[in-house]
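In: 3D model of this:
(2 chains, ligands or ions: 1)
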Amino acid sequence: MASDSDRLLVQQIRQGDPRAWDHLIARYEGRLLAFVQRRLHDRATSEDVVQETFIGFLTSLPNFDERRELQTYLFTIASHKLTDHLRRNGRHPLQNAPDELLHLKLDDNPAASSMARSHERRMLESEAVARCLGQLIKDWQTEGEFGRMKVLELLFVKGWANRDVAAFLKINEQQVANIRFAAVKKIGDFIRDAGLPADVFPELHVADAP
Amino acid sequence: MTKAAKTSISREQLCGYLDDSLCDTETARVEDALRHSESLRKDLRSLMQERDRGEHSVGAIWRRSRLTCPNREQLGSFLLGVLDAGFHGYVEFHLKTVGCAFCLANLADLEEQRREAAPHTHQRRKRYFESSAGLLRGKR
Ligand SMILES: [Zn+2]
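Out: Model prediction:
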């Protein structure tokens, strides 16, 4: 979700306000530089990539949807510029892998998605799941249920197996299975209530009742 | 070798790799595994095709919406050590175990701000501004 202050800044930049642009640079350049430098390990080159990121942002500004989070958008541009840079310099780690693979990674662009289901449909599904999970996570944070959050983040975001999550967090496998089951059920109900087909998320079906 | 490399990389890690959301150690590990395993490259290819067809995962949405990322203020409080023990432990987990590239970048930036002398930062920002401001509306 975009913050009001970012949204205002973007609106002023769209009007061509140089002070607002200066402001945006000051707000974001440090974290972008850190993001790029973690991969390049070279200060001067990293600054070049950040410079290209800001240029890229202004170039793509007419297409920027203000409801998107500005920071995430900037990180996405930085990550594309980073890949471009590595490729141009023959330093991309997949350079020696089959060409096809590198091209797949570079051309990976959600907006270019063509077939099967429409972009809008996918956005609706994503938004529903993000809203539901966001609410669950907020509740857990308020209740101090950080153990639950850790379990689910390892399962869903990192794709760890139940057994590995249990071993890492020093709880038993059954507890992990129960947490997964409860979360999957809540998300599934939410998706159904939103009138969306639940079968678009395969991982919501693999979990069996504990 | 091929088999070991493949089995140690999960589908969600590949997905995170495509989103550039992994920490540098994990990125290096995934890339190394990709170089050595044709079958992992095959998995990556089919994953990309699935994404292009519009199939998505809960993990991808979680990462993209940054659902559990602490905000800047919270990361600042983490650095100062003034968060509740439970939340502090969670932020540490998010940074070290999940290895969220975006939060690690924010943290590094906050640490840098505490150290860095102002003139450097000022120079850098001036350079970014001057190289891009010509693209602002009405300046062309
Ligand atoms: Zn994060």
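
In: Can you classify A:G16 as helix, strand or coil?
Out: coil (DSSP: H, G, I helix; E, B strand; the rest coil).

In: List the contacts of stretch A:64-77.
Out: A:1-3, A:6-7, A:9-11, A:24, A:28, A:31-32, A:35, A:53, A:56-57, A:60, B:20, B:64, B:66, B:102, B:105 (CB atoms under 8 Å, 6 or more residues apart in numbering or on different chains). Yep, even glycine has a C-beta here, placed from its N, CA and C like the rest.

In: ranges for the helices of the chain?
Out: I went with chain A, as the question did not name one. Taking DSSP state H to define them, one finds helices in chain A at A:4-14, A:18-40, A:43-60, A:70-88, A:99-106, A:119-143, A:146-152, A:162-169, A:173-193, A:203-206.

In: My question was about chain B, not that one.
Out: B:2-7, B:11-18, B:24-36, B:38-53, B:58-65, B:72-80, B:85-93, B:101-115, B:118-132.

In: so which of the ones you listed comes closest to A:A78?
Out: If you check each of the helices of chain B against A:A78 by CB to CB, helix B:101-115 wins as the nearest, at 9.1 Å.

In: what does that closest one rub up against?
Out: A:30-35, A:37-38, A:71-72, A:75, B:20-24, B:27, B:66, B:69-70, B:72, B:75-76, B:78-79, B:94-95.

In: same question, stretch B:17-24
Out: For stretch B:17-24, contacts defined as CB under 8 Å, 6+ apart pick out A:38-39, A:75, A:79, A:82-83, A:105, A:108, B:13, B:16, B:27, B:30-31, B:44, B:47-48, B:51, B:60, B:63-64, B:99-102, B:104.

In: Can you give me the domain assignment for the chain?
Out: In the absence of a named chain, this looks at chain A. Per the record, chain A has its domains at A:4-106, A:119-205, by automatic domain parsing.

In: oops, I was thinking of chain B
Out: Following automatic domain parsing, one gets these domains for chain B: B:3-65, B:72-138.

In: Which one, of the helices of chain A, ends up nearest to the ion?
Out: Closest approach to the ion among the helices of chain A (CB to the ion): helix A:70-88, 10.5 Å.

In: circling back: now the helices of chain A in CSV, with mean neighbour count and mean pLDDT?
Out: Below are these laid out as CSV (neighbours: other CB atoms under 10 Å in any protein chain shown; pLDDT from 0 to 100):
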stretch, mean neighbour count, mean pLDDT
helix A:4-14, 15, 94
helix A:18-40, 20, 95
helix A:43-60, 19, 96
helix A:70-88, 19, 89
helix A:99-106, 15, 46
helix A:119-143, 16, 85
helix A:146-152, 21, 96
helix A:162-169, 16, 96
helix A:173-193, 17, 90
helix A:203-206, 14, 65
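
In: Can you convert those into a markdown table and add a column each for distance to B:Y90?
Out: Shown next, in a markdown table, are those (distance: least, CB to CB, whole Å):
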| stretch | distance to B:Y90 |
| --- | --- |
| helix A:4-14 | 25 |
| helix A:18-40 | 21 |
| helix A:43-60 | 30 |
| helix A:70-88 | 20 |
| helix A:99-106 | 31 |
| helix A:119-143 | 8 |
| helix A:146-152 | 4 |
| helix A:162-169 | 12 |
| helix A:173-193 | 15 |
| helix A:203-206 | 23 |
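
In: Can you convert these into TSV and add a column each for distance to the ion?
Out: Shown next, in TSV, are the helices of chain A (distance: least, CB to the ion, whole Å):
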stretch	distance to the ion
helix A:4-14	18
helix A:18-40	12
helix A:43-60	19
helix A:70-88	11
helix A:99-106	22
helix A:119-143	12
helix A:146-152	12
helix A:162-169	18
helix A:173-193	19
helix A:203-206	21
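
In: Could you check how far the residue nearest the centre of chain A is from A:A78?
Out: Nearest to the mean C-alpha position of chain A, by CA atoms, centre = their mean, lies A:T72 at 7.1 Å. A:T72 sits 11 Å away from A:A78, going by CB to CB, to the nearest Å.

In: Also A:A167?
Out: Look at A:A167 and A:A78: by CB to CB, they are 35 Å apart.

In: again with A:V176
Out: 35 Å.

In: what residues are up against A:R38?
Out: Contacts for A:R38 were tallied using CB under 8 Å, 6+ apart; they are B:C23, B:D24, B:A101, B:L104, B:A105, B:A108.

In: switch to 10 Å and redo it
Out: Contact analysis of A:R38 by CB atoms under 10 Å, 6 or more residues apart in numbering or on different chains lists A:S46, A:L82, B:C23, B:D24, B:T25, B:T27, B:A101, B:L104, B:A105, B:A108.

In: What separation is there between it and A:Q175?
Out: Following CB to CB, the distance that separates A:R38 from A:Q175 is 34 Å.

In: again, but for B:C23
Out: According to CB to CB, B:C23 stands 27 Å off from A:Q175.

In: Check B:V58 too.
Out: 20 Å.

In: repeat for A:Q15
Out: For A:Q15, the distance to A:Q175 - CB to CB - is 54 Å.

In: do A:S5 as well
Out: A:S5 is 41 Å from A:Q175, by CB to CB.
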